[in-house]
Structure formats: structure tokens, C-alpha cells
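S.K.: okay, predicted coordinates and the sequence, questions at the end:
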Amino acid sequence: MPTPVTRLSSVRLASSLFESSFSSRPAVAASAPGRVNLIGEHTDYNGGPVLPVALERRTAVAAALEDGWFFVSAVDGTVRGVEIDRPLRGDWTDYLVGVVRELRAVRAAPAGARVAVATTLPIGAGLSSSAALTVAAAKALSLLAGRRLGPAQLADVAYRAEHDQVGVHCGRMDQTIAAHAAAGTALLLETATGAMQRVPLPGRIWVVETGVAHRLTGGELNQRRRECEQALARCRELWPGLAHLANLSTDDLPTIEARLPPDLAARARHVVTETVRTRVAADALARGDLGQLGWLLVEGHESLRTDYRSTIPEADAIVELAMDHGAHGARLTGAGWGGSVVVLAPDDESARVMAEISRGFRDRYGREPAVWSTRAASGVRRETVSG
Ligand code: GLA
């Protein structure tokens, strides 16, 4: 059942796209992974913890020096000449322009380049294809400029490209995992301090795509972020000096519920309870207690459904089907309003559980969801372009 595209190399795809588009060979290439977030959703811009895992599916960027900037992606194969200082165009090239601008700010950008991009990640599936692109591009283009940026610098350039340049008010989870991931581990990132801890994740995890595309530039994430800022401002009237919503405790929830408008209280409740769940989940994973981890995932999904209101019926149905058929746990992963569900299932039962999910989903929605599995993979790396 795993889709064979996971076996293709994004680097080979990007290199051959480069050659066919520009009739020359790339000088450098780099790739970075997509991610699933096991748990810790919408906590990264509220000072809380996250627990993401890098996917085997990656995005690759192949590049060579040029006068001016020319971008091509495998999605449509059209070469686009781009002016870095002109207003953004509202398409995928904005992410590359954002990376170039931010690399310039740290003197790590080449003067110009031909750039080819290819990916084995589904786009708009909530699996962080944008951070895979920006982190891989930051690596490839800085190498082209003769600079070797470390993972923290790459993550920072990629974050500012997406947040400050493109204007998606994301947190730092996606760029951090794409830059820092180590194979066979999930990453517990405490976003308030930047502290990172690797947690062994030896088994496979499953991804079920809802097939409902989300576009973060569409505004829901930015709206939730504004609501969290409003909730924090109201909480500061009660607790002056409060740094983040994630610093509140579950004991504070009755006060929050009594004093804040219901929708803002619900957003805060999600952040506070998700913060607790994420830390307990990291402990459960470290102990290999997949049963407890699974239940925390389901509770996290429920909190997204009722308090954060970022799920969609297709995702709710997949979680329900997974639990009805013996999964350890399942949860909508990523920003939401579409995207994918991460499923943890006992190894010897996973094929049956996934078949049941597909069957049940087809009965309700008249189409098969894409279902595939991955092991925890590694982060950004330079790739060789020969061959
Ligand atoms: C998107 C953002 C992340 C994070 C998630 C929700 O993926 O890019 O920073 O906020 O949504 O957890």
C-alpha cells in the first residue's frame, strides 16, 4: 500500500529537471524533509512544546550561478525569470525569493542563480512542503555563495523567509525539524527556550491524506494566531508578566473560562492542555508506551476539533475509523483546515488497519485516501549532483 513515489529521489528529479530546463548541469544540490507533527499543534507560536518527525519524502533544490534569477519547479516545468526586489507574485516562487532576501541579509546569497525544485512530498497536505523547500533552498543557495550555514542558521533563514517575507504567521516547528532532524528520532522542541531533545522513534508511522488541500496563505492560521494574541493580552490583565499562553497551567483554566469570551477561552484551553499532552507524550514515546501515546494523540485531535476548530470532517472520520479498527492513536497533523492524519498502529496489524480506514473512507466520501508510511528520517543535507 505505501505509494512508490517515496522511493524516488527528489535530488535526481531536481537534477534532471535542471538539465532539461537549462541545458547545463547544476553546481550544487541540497534536500530537506517534510514532517508530521506527532503532537504539539499550534503550540509553537504560543511558547509551548512540539514533537515533530521528519519524513522520508523530501524536497530537493539544484542550482548553478547565473546573471539574474531563474526558477523552475517540477510541478509545471516552466522557467520563470524573477526579480528579487519586486513585489511577490503570490505563487511558489515567493518562498524562494524570501530565502534569497534573507540569505542576503546574512551575506550568504549568490548574486544570481538558476534553480530547479522537485519534491516527493504531496503539496498542501499539511506535511510542511514549504519548510522543506525553504530549508533546502537556503542550504543549496548558501553553498553556491561559498558559505556553510549550520542547521540553526538555515532554520532561521527559512523561518524568516516564510514568516517575514511570504507573511504566513507560522511558528518555528517546521523549519527546525527540517534542519535538525536525525534518523530514527522525533524531536521534542521547547519553543520558548529553543531546547531540543531527540526521542527514539524506531517504528513506522502512517500518514492518511484527507485529499482536502489547505493553503495557509488563505488566512486561517493567521486568524488563529491573532486570536491567541488577543487571549494572551486578556490573560495578562489577570496575570501581569505572563510571557506565553503555554505558561498557564490547567489550574488557571476555570479563571480563563470565566473571564475571557468563549472562543478566546477555547483557543487558550487548547494551548494549555496541548502543552501538557505533548510533554507527557514525549515521555510515553521515550518509554515505548505506544498505547498511552496513542490516546494522547486522540485527545489532541479532539481538542483541535472542539477548542481550536482546525479539523475537517474528513480528518475526524479517519481518526474515528483508525480507532474503531485497532490503531494506537490518530490525529490531524499540521496546521489543519485540510491536510493529513498521522496514525500509529501496531506493526503486525497496520496493513489491516490501513485497509479498513481506506474502505471506511471510500464508503463515506466515494474516493480512496492516499495512505503511506515512513520511518523517522534525517534533516537537511547537501546532495551530490553527479550521475
Ligand atoms: C503550521 C505552521 C507551524 C505550526 C503548525 C501548527 O504548520 O507552519 O509553525 O504552527 O502549523 O502546529
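M.R.: Thanks, I have the structure now. In this text, all values refer to a predicted model and were calculated from it rather than measured experimentally.
S.K.: residue 21 and residue 116 touch, don't they?
M.R.: Yes - using Cβ atoms under 8 Å, residue 21 is in contact with residue 116, at 6.1 Å. Placement of C-beta: from N, CA and C, glycine included.
S.K.: neighbour count: the two, which is higher?
M.R.: Legend: neighbour count by other Cβ atoms under 10 Å for residue 21 and residue 116, higher for residue 116 (29 against 19).
S.K.: any idea which element that one lies in?
M.R.: Using DSSP states H and E, residue 116 maps to strand 113-119.
S.K.: please apply the same query to residue 63.
M.R.: strand 52-65.
S.K.: dump the strand or helix carrying residue 96 to PDB, restricted to CA.
M.R.: In this assignment (DSSP H and E), residue 96 forms part of helix 93-105. C-alpha atoms of helix 93-105 as PDB (Å, rounded to 0.1, in the frame of the first residue of the first chain):
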ATOM      1  CA  THR A  93       8.400  31.400  -6.300                       C
ATOM      2  CA  ASP A  94       7.700  33.700  -3.300                       C
ATOM      3  CA  TYR A  95       9.300  31.200  -1.000                       C
ATOM      4  CA  LEU A  96      12.500  31.100  -3.000                       C
ATOM      5  CA  VAL A  97      12.500  34.900  -3.300                       C
ATOM      6  CA  GLY A  98      12.000  35.100   0.500                       C
ATOM      7  CA  VAL A  99      15.000  32.800   1.000                       C
ATOM      8  CA  VAL A 100      17.200  34.800  -1.300                       C
ATOM      9  CA  ARG A 101      16.300  38.000   0.500                       C
ATOM     10  CA  GLU A 102      17.000  36.500   3.900                       C
ATOM     11  CA  LEU A 103      20.300  35.000   2.700                       C
ATOM     12  CA  ARG A 104      21.300  38.400   1.500                       C
ATOM     13  CA  ALA A 105      20.600  39.800   5.000                       C
END
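S.K.: ok, and what's touching stretch 238-245?
M.R.: 46-48, 192, 228, 231-232, 235-236, 248, 252, 255-256, 259, 268, 271-272 (Cβ atoms under 8 Å, 6 or more residues apart in numbering).
S.K.: what sits against the residue in the stretch 1-150 of the chain that the ligand sits nearest to?
M.R.: Closest residue of the stretch 1-150 of the chain to the ligand, Cβ to the nearest ligand atom: residue 41 (4.1 Å). Residue 41 is in contact with 50, 274, 300, 304, 308, 310, 331, 332, 333, 334, 336, counting by Cβ under 8 Å, 6+ apart.
S.K.: A helix includes it, no?
M.R.: No - counting by DSSP: H, G, I helix; E, B strand; the rest coil, residue 41 is not part of a helix but coil.
S.K.: from residue 195, how far off is it?
M.R.: 19 Å (Cβ to Cβ, to the nearest Å).
S.K.: with residue 134 instead?
M.R.: Taking Cβ to Cβ, one finds residue 134 at 23 Å from residue 195.
S.K.: same deal with residue 95?
M.R.: 28 Å.
S.K.: those two: who's more crowded?
M.R.: Neighbour tally, residue 95 and residue 195, criterion other Cβ under 10 Å: the higher count belongs to residue 95, 23 against 10.
S.K.: can you give me the pLDDT of that one?
M.R.: Predicted confidence (pLDDT) at residue 95: the value is 97.
S.K.: can you name the element that comes right after the longest helix anywhere in the chain?
M.R.: Identified as the longest helix of the chain according to DSSP state H is helix 262-287. Using DSSP H and E, the helix or strand that follows helix 262-287 in sequence is helix 290-303.
S.K.: now the helix or strand just after that next one, how far from the chain's geometric center?
M.R.: The first helix or strand that comes after helix 290-303 along the chain, using DSSP H and E, is helix 313-324. Distance of helix 313-324 from its chain centroid, counting by Cα atoms, centre = their mean, to the nearest Å, is 21 Å.
S.K.: and the angle for helix 313-324 with helix 290-303?
M.R.: Angle of helix 313-324 versus helix 290-303, following axes from the mean of the first three to the mean of the last three Cα atoms, to 10 degrees, is 150 degrees.
S.K.: what mean pLDDT would you report for the helix or strand following helix 313-324?
M.R.: Next along the chain after helix 313-324, taking DSSP H and E as the criterion, comes strand 329-333. In this model, strand 329-333 has a mean pLDDT of 98.
S.K.: same check, this time on stretch 147-156
M.R.: Here the average pLDDT along stretch 147-156 is 98.
S.K.: what's that stretch in contact with?
M.R.: 106-108, 135, 138-139, 142, 157, 172, 175-176, 178-180, 379-380.
S.K.: buried sites along it?
M.R.: 149, 151, 153, 154, 155, 156 (16 or more other Cβ atoms under 10 Å).
S.K.: in contact with residue 334, which residues?
M.R.: 36, 37, 41, 126, 127, 128, 214, 340.
S.K.: for this structure, which residues are neighbours of the ligand?
M.R.: Residues of the chain lying close to the ligand by Cβ under 6 Å from any ligand atom are 37, 41-42, 44-45, 128, 170-171, 173-174, 221, 334-335.
S.K.: let me see the mean pLDDT of the host helix or strand of residue 355.
M.R.: Using DSSP H and E, the element containing residue 355 is helix 350-365. Averaged across helix 350-365, pLDDT comes to 98.
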